[in-house]
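Colleague: what would the 3D arrangement of this be:
(one chain, ligands or ions: 1)
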Amino acid sequence: MAQRETWTTRAGFIFAAVGSAVGLGNIWSFPFQTASNGGAAFLVVYLLAVFLIGFPTMLIEFVIGRRSKQNAVSAFEELGYGNWTIAGATGVLASFITLSFYSVVGGWVISYIVGSVTGGYLGNASGYFGGVSSGLIAVGAHALFIAITIGIVAFGVADGIERATKFMIPAILVLLVGLAAWGATLPGAAAGYSYYLSPDFSVIASNFSSIVPNAMGQAFFTLSLGFGVMIAYASYLGRDDSLPGDSAIIVILNTVVALLAGFAVFPILAATDTLTGSTGAGTAFIALAGAFGQVPAGQVIGFVFFVVLLFAALSSSISLLEAPTSYIVDSRDTDRRTVAVGIGAVAFVLGIAPAYGYVGLFNDFVFNIMLPIAVLLIALFAGWVANREAVDELGRGSTLGEGATTVWLWWVRIVVPIAVIVTLYLGVMNFGGNLLSGAYF
Ligand code: PHE
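Modeller: This next block holds a predicted model:
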């Protein structure tokens, strides 16, 4: 068997992981989830979820990946706990399903880049969305998006993923800073910032049962946790650097990008009076495209915005494809290119359903059901089953003392599972309610 690949540098790993984390979740979902869940009140809960639950959970995935040097499915067997394979398999399946609809939304982004060039959505925001979001155009754009994703993954860990993300992440950061600065010049900036940044705590109290699962789901999704992706990425680590250090950088950069996206989006929404619109999959595209039609230089700004979104989406979709690809490449002696094309092709076919209007169904199923189950399983595994190995691996290459690793262990044993069980319960109620009320069909 060919030797397993590794990242060429520590920074290469960090860029790739940040690339996975920074995606549609940060720039598309985050500002709109925040807007529709009460603004700053949601932001507070979301930040708590990211740092208190997301950060320690990322360490679980890193520990499993680096210790086993295997994909998320084989990792458990490799560590000597074959019974727990289901924990990783759930995540890899979630990756595959997510790839299928993520690519459809990625296709929308491509159509909006085209629309920025032609001016197609200016003055006709909802009509344009209707035209590109489902049907043959959506299928075609979805095909193009997944083909680019396959192309990058086929080149491999270092020559494909690492090289692509090393270029895309700095580009995203620079362009977003520019967009946020431009947002500051809009007449709605002050009103936008105030809704975004001054929390009204009574909003949290009265919307607890929707804010908590939304914030937790968003935290897992944005950090790419529960998909086996971070296990796969950490399995390509060649040396033992500090996992808590790497993880802190990744979580902070991911948060910075989401916050910056808010600084770009809220002034635009406030300037066009669309601050508290609802958040269907399409509202974000319609609201923003509508706003770009009304502000000065909107077409240019729109172009830049959608290019940023495309980079973010691609640097995430490659990780969604890598999780199942690494499983097949590790477990059979098959050529990576063939595997990437094969899995990408099947995801393309599955994505035809969301390309005909079922993005919401796919999204909510993964968000509300699969992610919490996958995270719960890996947390129980690391906390109660492979706890010695987990603590030992966490300590390797880091300056954390025994006190800190013990706190982490108990946090993973008790706090993370409780938080996830509450989220899962609320998520099942939410998803079940939507199914029964026919919201998806
Ligand atoms: N984190 C990505 C985002 O915020 C989505 C993603 C989830 C990517 C899981 C890879 C794995 O858009």
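Colleague: helix or strand next in line after the one helix or strand Leu259 maps to, which one?
Modeller: Take DSSP states H and E as the rule and Leu259 turns out to sit in helix 243-271. Scanning the chain past helix 243-271 towards its C-terminal end, the next helix or strand to appear is helix 283-292 (assignment: DSSP H and E).
Colleague: and the helix holding Leu259, how far out from the chain middle?
Modeller: 12 Å (CA atoms, centre = their mean, to the nearest Å).
Colleague: over to stretch 67-85?
Modeller: Computed by CA atoms, centre = their mean, the separation of stretch 67-85 from the middle of its chain amounts to 24 Å.
Colleague: name the residues of this protein found near the ligand, please.
Modeller: Applying CB under 6 Å from any ligand atom, one finds that the chain approaches the ligand through 20-21, 23-26, 221-222, 224, 227, 229, 316, 319-320. Every residue, glycine included, has its C-beta placed from N, CA and C.
Colleague: most neighbours of all those residues, which one?
Modeller: The most crowded member of these is Phe227, carrying 33 neighbours; neighbours defined as other CB atoms under 10 Å.
Colleague: might one say that that one is in contact with Ala374?
Modeller: Yes. Contact criterion CB atoms under 8 Å: Phe227 and Ala374 qualify, at 7.2 Å.
Colleague: identify the contacts common to those two.
Modeller: Shared contacts of Phe227 and Ala374, defined by CB atoms under 8 Å, 6 or more residues apart in numbering, comprise Gly91, Ala94.
Colleague: residue of the stretch 151-300 of the chain nearest the ligand, please.
Modeller: Each residue of the stretch 151-300 of the chain has a distance to the ligand, by CB to the nearest ligand atom, and the smallest belongs to Ser224, at 3.6 Å.
Colleague: on the three-state scheme, that residue is what?
Modeller: Three-state secondary structure (criterion: DSSP: H, G, I helix; E, B strand; the rest coil) places Ser224 in coil.
Colleague: just Phe348 next, same as before
Modeller: helix.
Colleague: tell me who's in contact with the closest residue to it other than its chain neighbours.
Modeller: Using CB to CB, 6 or more residues apart in numbering and skipping residues adjacent in sequence, the residue nearest Phe348 is Ile146, 5.0 Å away. The neighbours of Ile146, taking CB under 8 Å, 6+ apart as the test, are Leu99, Ser103, Gly106, Ser317, Gly344, Ala347, Phe348, Gly351.
Colleague: 6 Å - rerun?
Modeller: Ser103, Gly344, Phe348 (CB atoms under 6 Å, 6 or more residues apart in numbering).
Colleague: make sure the first one is actually in contact with Ala143.
Modeller: No. In this structure, Ser103 sits apart from Ala143 without contact. The criterion is CB atoms under 6 Å, and the distance is 8.6 Å.
Colleague: more neighbours: which of these two?
Modeller: Neighbours were tallied for Ser103 and for Ala143 using other CB under 10 Å; the higher tally belongs to Ser103 (30 against 17).
Colleague: any idea which element that one lies in?
Modeller: With DSSP H and E as the criterion, Ser103 is inside helix 85-118.
Colleague: can you dump the C-alpha atoms of the following helix or strand past that helix in CSV for me?
Modeller: Sequence-wise, the next helix or strand beyond helix 85-118 is helix 125-133, with elements assigned using DSSP H and E. Once non-C-alpha atoms are left out, helix 125-133 reads as follows in CSV (Å, rounded to 0.1, in the frame of the first residue of the first chain):
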residue,chain,number,x,y,z
ALA,A,125,-34.2,39.5,-6.4
SER,A,126,-36.9,37.0,-5.8
GLY,A,127,-37.5,36.2,-9.4
TYR,A,128,-33.8,35.5,-9.9
PHE,A,129,-33.7,33.2,-7.0
GLY,A,130,-36.7,31.3,-8.2
GLY,A,131,-35.0,30.9,-11.6
VAL,A,132,-31.7,29.6,-10.4
SER,A,133,-32.5,27.7,-7.1
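Colleague: helix 125-133 packs against which elements?
Modeller: In this structure, helix 125-133 makes packing contacts with helix 85-118, helix 283-292, judged by 3 or more CB pairs under 6 Å, 6 or more residues apart in numbering; DSSP states H and E.
Colleague: what helix or strand does Val300 sit in?
Modeller: Of the helices and strands defined by DSSP H and E, Val300 is found in helix 298-331.
Colleague: where does the stretch 151-300 of the chain dip in pLDDT?
Modeller: Judged against pLDDT under 70, the low-scoring parts of the stretch 151-300 of the chain cover residues 276-281.
Colleague: which residue packs closest to the residue positioned nearest the centre of the chain, ignoring adjacent ones?
Modeller: Within the chain, the residue whose C-alpha comes closest to the C-alpha centroid is Thr222; the distance, by CA atoms, centre = their mean, is 3.6 Å. On the basis of CB to CB, 6+ apart, the spatially nearest residue to Thr222 that is not a chain neighbour turns out to be Gly25, at 4.1 Å.
Colleague: ok, Asn83 next?
Modeller: Of all residues beyond its chain neighbours, the one nearest Asn83 is Phe76 (7.7 Å), with distances taken as CB to CB, 6+ apart.
Colleague: and the residue of the stretch 301-441 of the chain nearest the ligand?
Modeller: Each residue of the stretch 301-441 of the chain has a distance to the ligand, by CB to the nearest ligand atom, and the smallest belongs to Ser316, at 3.7 Å.
Colleague: quick one, phi/psi of the closest residue to that residue other than its chain neighbours?
Modeller: Ranked by CB to CB, 6+ apart and with sequence neighbours excluded, the top spatial neighbour of Ser316 is Gly23, at 3.2 Å. Backbone torsions of Gly23, given as degrees, to the nearest 10, read phi -160, psi -160.
Colleague: is Gly23 in contact with Leu310, as I believe?
Modeller: No. Under the contact definition of CB under 6 Å, Gly23 does not touch Leu310, with a separation of 10.7 Å.
Colleague: now do the strand or helix carrying Pro417: everything it contacts.
Modeller: Assessed by DSSP H and E, Pro417 sits inside helix 416-436. The set of residues external to helix 416-436 that reach it, using CB under 6 Å, 6+ apart, is Ile53, Ser209, Pro213, Met216, Asp364, Asn368, Pro372, Val375, Leu376, Ala379.
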